[in-house]
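1. Turn this into a model:
(2 chains)
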Amino acid sequence: MNSTTLTTIYILWLRQIKKYFRSKSRIIGSLGQPLLFLLVLGFGLGPIFQKGGGGDYIQFLSPGIIAMSILFASVFSGIEIIWDRRFGFLKETLVAPVSRTAVMIGRTLGGATTAFFQGSIVLLITFCVGFHTTIIGALLSLIVMFVIAVIFAGLGTIFGSLMQDIQGFGLIVNLLVMPLFFLAGALFPLDTAPVAIRAVSDINPLTYGVDAMRHVLTGVVHFSLWTDAFVLAGVVVLAITVGAYLFSKIEA
Amino acid sequence: MHMPSAISVKNLSKTFKGGFEAVKDVSFEVPKGSTFAFLGPNGAGKTTTIRMLTTLLAPTSGAITINGFDPAHDPHAVRKSCGIVFQDASLDDDLSAYENMSFHAGIFGVPKKEAKGRIEELLKFVELWDRKDDFVKNFSGGMKRRLEIARGLLHTPAVLFLDEPTVGLDPQTRNHIWSYIKKLNTEKGLTVFFTTHYMDEVERVADHVVVIDHGGMVASDTVQGIISKNGGTTLEDAFIKLTGHDIREESVDAVDHLRSMRKMFGGNKK
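-> Numbers count the residues shown, from 1 in each chain, chains lettered A, B, ... in the order given. Next comes the predicted model:
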C-alpha cells in the first residue's frame, strides 16, 4: 500500500467524520431507537425474563442493543453513496487519479467509524440503566464494536453501489436489517430458541457479533470466542471485497 | 503546423446498451494552448464525448489521446491532465469552499505545502477567498461554478474541460467566468475545451469550433469559417442552418427515456 492510497483512504474517512460531527440532529436522532428498545424492552420484559430464570435482562439485552445501534448506523452510511451520486459529488471522486478501492475503503471506514462512535454512546447509556462490566470487558468490546461496524458499513456500501434511489435503499435495507437484528440473539437467548430460528441465526453474521459482545462484556457465550472471531474476520473480508468490486463498477 | 495536440480524437464512437448511438465516428484535434468549442443541440452527444475524454465512460471504438496519454491504458495520467467542470454541480454542499479545495488537492496528489498556496491563489483568482470558510450550500449558482473552476485548476491540469459552465447564470457572472478562463488561456497557455449553448460566448473566446448533431460531426472550423461557409452573419444563424430549426424534444425524450431506463434497471454498471 503506497502513500497515495493511504492519503486517499484518510481523506475520504475524514470527510465522513467531519460531516457526521456537524450533524447534531443525526447524532441525537439515531440514539432514539436504541434508547427506546433498551428502556421499554429492558424494563418491560425484564421481570418476566428474570422469572423465567434468565437472570438480569439488562445484562443480557445491553450488548445486543449496542450491536443494534451499530448495525443500523453502519448499514445506513451506505446511503451517502446515493446522496453523493445525486448531488454530483461522486463524480469528483471517480475522476480522481486514485484507486476506486482506496476510495471505497475510506468511505466504508468513515461510515464504520461514525457507527462505532454511535455504539460507544449507547454503551455509556447502558451503564446509566444499570448495565455493568469490567474495564477490560468494556475496552475489548470496543474492538468487537468496530469489527461489526466495518462489516455492516461494507454491506451499506454494497447496497449504495447497487441502488440509485434513496427511498428504495431505505425499504430494501429495512427489509434486510430488521430480520438481521431480530434473528441475532440480541433480544432472547438462542440456547432455548426453536431449531428453525437457531438455523437462521447461525448464518446471520450479526449473531456472532452479538455473541462476541456478550462474551467480552458479560462472560456469557453461545458459540466460542474463537468461532466468533473466525466468522467475523471472514465476513469483514467478504464485505470489503464485494463492496470494493461493486463500487469500482459505478459509472458516474 | 507541428504543434502537439492537447486532445486528439480519431473515429470515436459510443453505442449504448440497447443500440442507441450517442456518438458516431467523431474525429478532431485540439492544439495545445487553444480554446476549443464543442457545440451541438441537446442530446447531440456532447456530454457523452466529454465523459469518454475524461475516462468516465469507455468508448465503443476509436482512439483518444489526452496530453499524450490514452484513457484506456493510463486513466490516472489522463485524470491528472484534466481539470473538469461538470454540467451538474459536483461539490460537497456540507463542506466549506476551502474544504472542497483541500479534499481535491488530497485525492489529486497535490503536495500539502504546495496545496495551501495554490488554494489561496485560486480562491483569490475566482474572488471567493473571503468566503472560503462558508459552507457551499450557502453559495449561489455563480459562486459554485467559480469554485468548481478553481477546484478544476488546483492540480495544474494541461486541459480544462467545461461542460456548459455558464448555464443558468446571469450575464454579469457569465462575463466574469469567461474573463477568468480567457485569462488562464492567454497567460498560462491552458488548453480549454468547452460546450455551451450561448453562441456569443463562442464568438468571444473560441479559436476553433466543432459542431455535432445526432452524434456525428457536421462542422469543424474557426468561428469566422463556420459563419462564412454557411452564408450567415452570426454564429447562431450558422448553427441553426447546420443543425436545423426543430426543437430537439424528440431526441431529448429518447435520450431521457434511455437514461430513465438505465436508472431503473441499474444501468450504472458497465
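2. For chain B, just list every one of the strands.
-> B:5-15, B:21-31, B:35-39, B:61-66, B:82-85, B:159-163, B:191-195, B:208-213, B:216-221 (DSSP state E).
3. Give me the buried positions along the last one.
-> So the one you mean is strand B:216-221. Residues of strand B:216-221 classed as buried under the neighbour-count rule (16 or more other Cβ atoms under 10 Å in any protein chain shown) are B:217-221. In this view, the C-beta of every residue, glycine as well, is placed from N, C-alpha and C.
4. ok, now which ones touch residue A:111?
-> A:16, A:74, A:77-78, A:80, A:149, A:153, A:156-157 (Cβ atoms under 8 Å, 6 or more residues apart in numbering or on different chains).
5. Who are the contact partners of the residue nearest to the spatial centre of chain A?
-> Chain A has residue A:71 as the residue nearest its centroid, 2.9 Å off, counting by Cα atoms, centre = their mean. Residues counted as contacts of residue A:71 (Cβ under 8 Å, 6+ apart) are A:148, A:152, A:177, A:180-181, A:206.
6. and which of those residues is nearest chain B?
-> Of all the contacts of residue A:71, chain B sits closest to residue A:177, with 20.9 Å by Cβ to the nearest Cβ.
7. Filter the contacts of residue A:111 down to the ones in strands?
-> Secondary structure defined by DSSP E assigns none of the contacts of residue A:111 to strands.
8. who wins for most neighbours among the residues you listed?
-> residue A:153 (32 neighbours; other Cβ atoms under 10 Å in any protein chain shown).
9. and it, what pLDDT?
-> The confidence metric pLDDT takes the value 97 at residue A:153.
10. Same check on residue B:179?
-> Reported pLDDT for residue B:179: 90.
11. next one: stretch B:90-109 to chain centre, how far?
-> Distance of stretch B:90-109 from its chain centroid, counting by Cα atoms, centre = their mean, to the nearest Å, is 19 Å.
12. Now the terminal residues of it, how far apart.
-> With Cα to Cα, to the nearest Å as the measure, stretch B:90-109 spans 19 Å from end to end.
13. Please apply the same query to stretch B:40-54.
-> End-to-end distance for stretch B:40-54: 19 Å, by Cα to Cα.
14. picking that back up, from the buried residues of strand B:216-221, which is closest to chain A?
-> For those, the nearest to chain A is residue B:217 (24.9 Å; Cβ to the nearest Cβ).
15. on that earlier part again, tell me which helix or strand the residue nearest to the centre of chain A sits in.
-> Assigned by DSSP states H and E, residue A:71 belongs to helix A:57-76.
16. Quick one: the buried residues of strand B:216-221 as JSON lines, columns for distance to residue A:107 and pLDDT too.
-> Converted to JSON lines, the buried residues of strand B:216-221 look like this (distance: Cβ to Cβ, whole Å; pLDDT from 0 to 100):
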{"residue": "B:217", "distance to residue A:107": "40", "pLDDT": "90"}
{"residue": "B:218", "distance to residue A:107": "43", "pLDDT": "89"}
{"residue": "B:219", "distance to residue A:107": "44", "pLDDT": "87"}
{"residue": "B:220", "distance to residue A:107": "42", "pLDDT": "90"}
{"residue": "B:221", "distance to residue A:107": "46", "pLDDT": "89"}
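17. what subset of these is also close to chain A?
-> Among the buried residues of strand B:216-221, no residue lies close to chain A (Cβ under 8 Å from any Cβ of the partner chain).
18. got CSV for the residues you listed, with distance to residue A:39 too?
-> As requested, the buried residues of strand B:216-221 are arranged in CSV below (distance: Cβ to Cβ, whole Å):
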residue, distance to residue A:39
B:217, 69
B:218, 70
B:219, 72
B:220, 72
B:221, 75
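19. coming back round to it: so can I have CSV of the contacts of residue A:111 showing distance to residue B:110?
-> Formatted as CSV, these follow (distance: Cβ to Cβ, whole Å):
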residue, distance to residue B:110
A:16, 21
A:74, 32
A:77, 28
A:78, 29
A:80, 25
A:149, 31
A:153, 28
A:156, 30
A:157, 27
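20. which of those sit farthest apart?
-> Farthest pair in those (Cβ to Cβ) is A:80 and A:149. Separation: 14.7 Å.
21. What separation do you get for residue A:16 and residue A:157?
-> In this view, residue A:16 and residue A:157 are 12 Å apart by Cβ to Cβ, to the nearest Å.
22. Pull up the overlap in contacts between these two.
-> Taking Cβ under 8 Å, 6+ apart as the criterion, residue A:16 and residue A:157 both touch A:107, A:111.
23. Quick check, pLDDT for residue B:268.
-> At residue B:268, the pLDDT value in this model is 43.
24. Oops, could you answer that again for residue B:234 instead?
-> Looking at residue B:234, its pLDDT stands at 85.
25. Then residue B:264?
-> pLDDT, residue B:264: 53.
26. And residue B:227, by the same measure?
-> 87.
27. nearest residue to it other than its sequence neighbours?
-> Nearest non-adjacent residue to residue B:227, counting by Cβ to Cβ, 6 or more residues apart in numbering or on different chains: residue B:238, 5.1 Å away.
28. Could you double-check that that neighbour sits in contact with residue B:232?
-> Yes - between residue B:238 and residue B:232 there is a contact at 4.4 Å, judged by Cβ atoms under 8 Å.
29. before we move on, the earlier item: measure the residue nearest to the centre of chain A to residue A:33 for me?
-> Per Cβ to Cβ, residue A:71 is found 11 Å from residue A:33.
30. again with residue A:127
-> Where residue A:33 is concerned, residue A:127 sits at a distance of 19 Å (Cβ to Cβ).
31. Over to residue A:25?
-> Taking Cβ to Cβ, one finds residue A:25 at 14 Å from residue A:33.
32. what's the answer for residue B:17, then?
-> From residue B:17 to residue A:33 the distance is 41 Å (Cβ to Cβ).
33. now do residue A:119
-> Counting by Cβ to Cβ, the gap from residue A:119 to residue A:33 is 13 Å.
34. what do you get for residue B:167?
-> Remark: distance between residue B:167 and residue A:33 (Cβ to Cβ) = 43 Å.
35. same deal with residue B:36?
-> 55 Å.
36. between these two, which one's more packed in?
-> residue B:36 (23 against 15).
37. Wait, the more buried one touches residue B:195, no?
-> No - taking contacts as Cβ under 8 Å, residue B:36 lies outside contact range of residue B:195: 9.9 Å.
38. Any buried residues in the helix or strand where residue A:144 lies, and which?
-> Applying DSSP H and E as the criterion places residue A:144 in helix A:135-162. With burial defined by 16+ other Cβ under 10 Å, the residues of helix A:135-162 counted as buried are A:137-138, A:140-141, A:144-162.
39. From these, list the ones also adjacent to chain B.
-> The residues of these that also fall near chain B, by Cβ under 8 Å from any Cβ, are residue A:162.
40. Enumerate the residues of chain A near chain B.
-> Residues of chain A that fall close to chain B, judged by Cβ under 8 Å from any Cβ: A:4, A:7-8, A:10-12, A:15, A:18-19, A:22-23, A:84, A:87-98, A:103, A:162-165, A:249-252.
41. So among the residues you listed, which ones count as buried?
-> A:4, A:7-8, A:11-12, A:15, A:18-19, A:84, A:87-98, A:103, A:162-164, A:250, A:252.
42. Please list the members of these that lie in strands.
-> Going by DSSP E, the strands hold none of these.
43. would you put the C-alpha positions of the helix ranked longest in chain B in PDB?
-> Once chain B is assigned using DSSP state H, the helix that runs over the most residues is helix B:171-188. Extracted C-alpha coordinates of helix B:171-188, given in PDB (Å, rounded to 0.1, in the frame of the first residue of the first chain):
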ATOM      1  CA  PRO B 171     -24.800  37.900 -17.800                       C
ATOM      2  CA  GLN B 172     -22.500  39.500 -15.200                       C
ATOM      3  CA  THR B 173     -21.500  36.100 -13.800                       C
ATOM      4  CA  ARG B 174     -21.100  34.700 -17.300                       C
ATOM      5  CA  ASN B 175     -18.900  37.600 -18.200                       C
ATOM      6  CA  HIS B 176     -16.800  37.100 -15.100                       C
ATOM      7  CA  ILE B 177     -16.300  33.400 -15.700                       C
ATOM      8  CA  TRP B 178     -15.200  33.800 -19.300                       C
ATOM      9  CA  SER B 179     -12.800  36.600 -18.200                       C
ATOM     10  CA  TYR B 180     -11.100  34.100 -15.800                       C
ATOM     11  CA  ILE B 181     -11.000  31.400 -18.400                       C
ATOM     12  CA  LYS B 182      -9.600  33.600 -21.100                       C
ATOM     13  CA  LYS B 183      -7.000  34.900 -18.800                       C
ATOM     14  CA  LEU B 184      -5.800  31.400 -17.900                       C
ATOM     15  CA  ASN B 185      -5.700  30.600 -21.600                       C
ATOM     16  CA  THR B 186      -3.700  33.600 -22.600                       C
ATOM     17  CA  GLU B 187      -1.500  33.900 -19.600                       C
ATOM     18  CA  LYS B 188      -0.800  30.300 -18.700                       C
END
